[in-house]
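Asker: no sequence on this one, just coordinates:
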């Protein structure tokens, strides 16, 4: 069955799309640029969301919900912000339909035009800071640590399932603080939470860093990010945490009475990750047979496939499997027993490989006689015959081993494509061959950054945190440089 | 502090609004008809959502996510459906903003007009059935049992926090079945799930019934509902479950190959509850001092307020309270120790009463000497001195008692306002005095139903399930009737 999936070497983009569709994660909808997240894909998102939500609450955050609509005038209050989002806004202009008197069916009622157009939130800084104005008077009201799980819309022209869609699901944290240091500390704390989640649950290694001015979030003083590496040598920004300074407090006039009894503008942060993470997960781990999902967030961890001829054998296997299922569930392991007779075992094997179920257990008449089962792990595709004694604990340990192995494999690859380059020739050649992160000297100017992007499509992914300072010369301009930064082509 | 809250007798509508605002649940936003659900209110919604989600999954449903946007043409495919929603649709017509060349700031870019307008989903039957068309080929693909948690928009002209807002949060189940009987069974099953949740978690008694033709969901063959009674004698529809017949399958041409190898249209249901439930919760239980929340879904179940003079006393109380908090949490009870010195105990007492925290524990120097604490339950406002020995278990039992007492109290009131009426005079008089559910004979015609609504604002809330059949004469038309139905004024 896996022939349905285009191989990575053949066409990486098509391979990715095949995995999303054949793996049952999502599909394109009838609405331009919007996807349908299918039950299996949404189950994956639920596991990611629930874990992140726990981490947010453990760090003192609470959830709230703000309006989907943003008055056009709000967006305009922060100059850089509107500049960044104006070109991709879904705009609501009317609030009623009617039957066309001229018989053209259902049309927009021209008399229902809104006085002020409403924008579907591309992100919620403006509506939230307009609200915070009423919530914050004194330092006693701070810090305000709020997160929102929501859908947002950015009218992208070229979309790809999960990676870039007009509507996507995400969380956006919006915090308010009494001091600059505290806000920066929060920005860094949430970057660490993201890195912890992506590395320890998604098994994807990331590099923490800061964006250059030209790659900053529209309205931020500083944008911190975690950058991941995909199997085709292209980077993917997996999460961002922004130090917003007092920009939005000033735009919406949010002041507080500080401990010295003086009025001061509030300090802000915002941070978010989205369903885009699923795209990163898929591209970081999967192979030509299908998805490979890390046990800690997989919607289904174990599938059991019986191999039988006739009802008698099946009944025999059912009785043997029942206690196995129970002991697995008692250990908190999600398991499915696929005893449907619509499809042959071989078909099921291929199907669950496509879906990336971490562990497959096959069991037939002879296995039972030998008191064993056949276990296949999805990540390495290794099969082994395992005794039924203590099977549940064996599987629990195996799932942990798979989680760790997936991370180490991804890290091994990621590390192997970080290259220090010192000449422009090397830079261009590597981009077209190996790809990956190119660690190179840069003169620190936006002009050079832009010129390199123009010539090679490579961007500065980040300036790594605690980046070693070392004098050198810019690979492009030859001008003096004080540090290396990470370049890559990216999603 | 409770003086801030208008009393029910004075102005019931204002009382309700005061509770929502002063109780910290929600507030109006800068966007017409849209609310901001504040952290405390969202915590309440999270508890309701999580419990409902468990119940949906226990009944075999999975979650998925469909687009926020619905092409205008989709809405038009089911005649009754578009008729029902056309007058309250938020319509997206453009996808870009620009700086006005004439210097009028940021305006909509006229060149970004969409070929086909997009409607913000008021409900998702159309986009979902358009998707199901590709998911369903044979009886083997059925049943399809999918739920979605989402935000929807209905452009209401007169809005009220939670009860009626332009944007609200809800869940919408959309299931597909191979037979009419199975679909009706599903419709009834989910009605039972809703009744179970509202009665056993929200402590609000409901009447299960069927809507009359004129009160049906736009596009349904039958709309089942649960009807609750508010303290002012007005009813509130707490949830609906629709048997959609083959209407949407025909509108979107969704057929399946049945077991007799024949093409057949699919049978459908849809069912939903929304943040409106919070409005019902508030109006069913609360008093003039503030909210009264049922322990099973309260964001905070217990608050502990220390009563001290000076740091020494406080330190002494802290040490006594610490193990109490721990033992409460070990029993799965959410507890907050409010030892802030910004406010006096009296202020805190009033504050947590407004917020409806089920149990308040006050503890001072002398209490500790007597090895007791003062416990105040929110529902009855009774205070008692309770020994510290086994305090956690005492509180656990008390929370269960409060949950039960709240339900019984609400049911006692609800039952006391169900009246059998046999004359039109009685009917009109009772509506203006006692209110409640009026059980009266109706001739079964939409004309009579409409005339009664016109004259009195009372509607037929439902025809109760298993309604006793008994001949009588319609209170309004005097024509023969075969059964009594429940009339009420409603939210």
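Answerer: Ah, there it is. The model shown is predicted, which means the values in this text are computed figures rather than measured ones.

Asker: Residues of the stretch 251-400 of chain A that sit close to chain B?
Answerer: Proximity of the stretch 251-400 of chain A to chain B, by Cβ under 8 Å from any Cβ of the partner chain, involves residues residue A:342. In this view, the C-beta of every residue, glycine as well, is placed from N, C-alpha and C.

Asker: ok, the closest residue to chain B within the stretch 251-400 of chain A - how many residues close by?
Answerer: With Cβ to the nearest Cβ as the measure, residue A:342 is the residue of the stretch 251-400 of chain A nearest to chain B, at 6.3 Å. Applying other Cβ atoms under 10 Å in any protein chain shown, we find 9 residues neighbouring residue A:342.

Asker: can you tell me how far the nearest residue to it once chain neighbours are set aside sits from residue B:131?
Answerer: What sits nearest to residue A:342 in space, not counting adjacent residues and going by Cβ to Cβ, 6 or more residues apart in numbering or on different chains, is residue B:140, at 6.3 Å. In this view, residue B:140 and residue B:131 are 18 Å apart by Cβ to Cβ, to the nearest Å.

Asker: And these two? Which one has more around it.
Answerer: Neighbours per residue (other Cβ under 10 Å) separate residue B:140 from residue B:131, with residue B:131 holding more: 23 against 12.

Asker: tell me the contacts of that one?
Answerer: By Cβ atoms under 8 Å, 6 or more residues apart in numbering or on different chains, residue B:131 lies in contact with A:29, A:30, A:36, B:66.

Asker: neighbour-wise, which of those leads?
Answerer: Within these, most neighbours by other Cβ under 10 Å means residue B:66, with 25 neighbours.

Asker: For that residue, report the pLDDT, please.
Answerer: Residue B:66 is assigned 98 on the pLDDT scale.

Asker: Residue B:368 versus that one, what's the distance?
Answerer: Separation of residue B:66 from residue B:368 (Cβ to Cβ): 57 Å.

Asker: So the residue nearest to residue A:308 when sequence neighbours are not counted, which state does it fall into?
Answerer: Closest residue to residue A:308 apart from its sequence neighbours, by Cβ to Cβ, 6+ apart: residue A:314 at 4.4 Å. Following DSSP: H, G, I helix; E, B strand; the rest coil, residue A:314 is assigned to helix.

Asker: Isn't residue A:314 up against residue A:320?
Answerer: No - between residue A:314 and residue A:320 there is no contact under Cβ atoms under 8 Å: 10.8 Å.

Asker: Give me the buried positions along stretch A:284-301.
Answerer: Buried residues in stretch A:284-301, counting neighbours by 16 or more other Cβ atoms under 10 Å in any protein chain shown, are found at A:284-287, A:289-301.

Asker: Can you show me the strands along the stretch 101-250 of chain A?
Answerer: Assigned by DSSP state E, counting those that start in this stretch, the stretch 101-250 of chain A shows strands spanning A:106-108, A:113-120, A:144-153, A:167-177, A:207-210, A:222-229, A:235-245.

Asker: close to chain B, is the fourth one?
Answerer: This points to strand A:167-177. Yes - contact of strand A:167-177 with chain B (Cβ under 8 Å from any Cβ) involves A:167, A:169.

Asker: What mean pLDDT does that strand get?
Answerer: Taken as a whole, strand A:167-177 carries a mean pLDDT of 98.
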